[in-house]
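Colleague: Based on what follows, work out the 3D shape:
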Amino acid sequence: MSFESIASERHASGILRDQSIDLKGEKMEPVTIGAKFYSADVYGVDAIIKPADNVTGAVIRTASVSGTVLSGLITGTVAPKHGSDYAGKPILMTLGSGSQNLSYPIQLPPGYGLWITANSSSPSRACVTYDLLP
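Modeller: Numbers count the residues shown, from 1 in each chain. Prediction:
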């Protein structure tokens with residue numbers, strides 16, 4: 001079944017509509033998920049995408065992450081040494097209380113990796129979908 005063939009939605013108010021809209025009343029487009037995925041609880045540092053596997057670039061499609069203060073979702077060409085090793089590395093998300101969601105896709109250059117870090121005895125959790133570019 002294609003998206004075009006799906007019947008209209010019923011809004012909470014009972015009004016039928018033929019598209020999803022956000023709180024501003026603007027049309028929402030479907031979000032593409034990546035063909036590859038990572039989902040884990042992490043203590044310390046764990047690779048989601050290894051730099052050696054990212055030969056032609058990668059696109060992070062979706063990400064939902066949570067963790068303690070100073071934990072993060074980090075990219076770069078060199079892995080973080082510990083949970084709060086941010087020096088000289090692009091930080092995509094810093095974590096604290098609650099979970100955070102990626103608002104838009106992010107394209108990583110070839111040779112860049114992606115890591116989730118945890119900075120305490122509590123784990124960080126990452127649920128990420130991505131595509132390695134051809």
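
Colleague: Tell me how many other residues surround the nearest residue to T94 once chain neighbours are set aside.
Modeller: Spatial nearest neighbour of T94, excluding adjacent residues (C-beta to C-beta, 6 or more residues apart in numbering): G72 at 4.9 Å. Quick note: C-beta positions are derived from backbone N, CA and C, even for glycine. G72 has 26 neighbouring residues, counting by other C-beta atoms under 10 Å.

Colleague: Distance of G72 relative to K24?
Modeller: 30 Å (C-beta to C-beta, to the nearest Å).

Colleague: And P109, by the same measure?
Modeller: 33 Å.

Colleague: Over to A126?
Modeller: Distance of A126 to K24, given as C-beta to C-beta: 29 Å.

Colleague: okay, the two: which has more neighbours?
Modeller: A126 (26 against 5).

Colleague: Tell me if I am right that the more buried one is in a strand.
Modeller: Yes. Under DSSP: H, G, I helix; E, B strand; the rest coil, A126 sits within a strand.

Colleague: Once you drop chain neighbours, what's closest to it?
Modeller: Spatially, and ignoring its direct neighbours in sequence, A126 is nearest to I116 (4.0 Å; C-beta to C-beta, 6+ apart).

Colleague: Give me the neighbour count for that neighbour.
Modeller: Applying other C-beta under 10 Å, I find that I116 has 31 neighbouring residues.

Colleague: Can you get me the start-to-end distance on stretch 114-123?
Modeller: 17 Å (C-alpha to C-alpha, to the nearest Å).

Colleague: Could you give me the buried positions within that stretch?
Modeller: Judged by neighbour count (16 or more other C-beta atoms under 10 Å), stretch 114-123 contains these buried residues: L114, W115, I116, T117, A118, N119, P123.

Colleague: Throw the residues you listed into JSON lines and include secondary structure and distance to Y43, thanks.
Modeller: Formatted as JSON lines, these follow (DSSP: H, G, I helix; E, B strand; the rest coil; distance: C-beta to C-beta, whole Å):
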{"residue": "L114", "secondary structure": "strand", "distance to Y43": "18"}
{"residue": "W115", "secondary structure": "strand", "distance to Y43": "13"}
{"residue": "I116", "secondary structure": "strand", "distance to Y43": "11"}
{"residue": "T117", "secondary structure": "strand", "distance to Y43": "10"}
{"residue": "A118", "secondary structure": "coil", "distance to Y43": "5"}
{"residue": "N119", "secondary structure": "coil", "distance to Y43": "10"}
{"residue": "P123", "secondary structure": "coil", "distance to Y43": "5"}
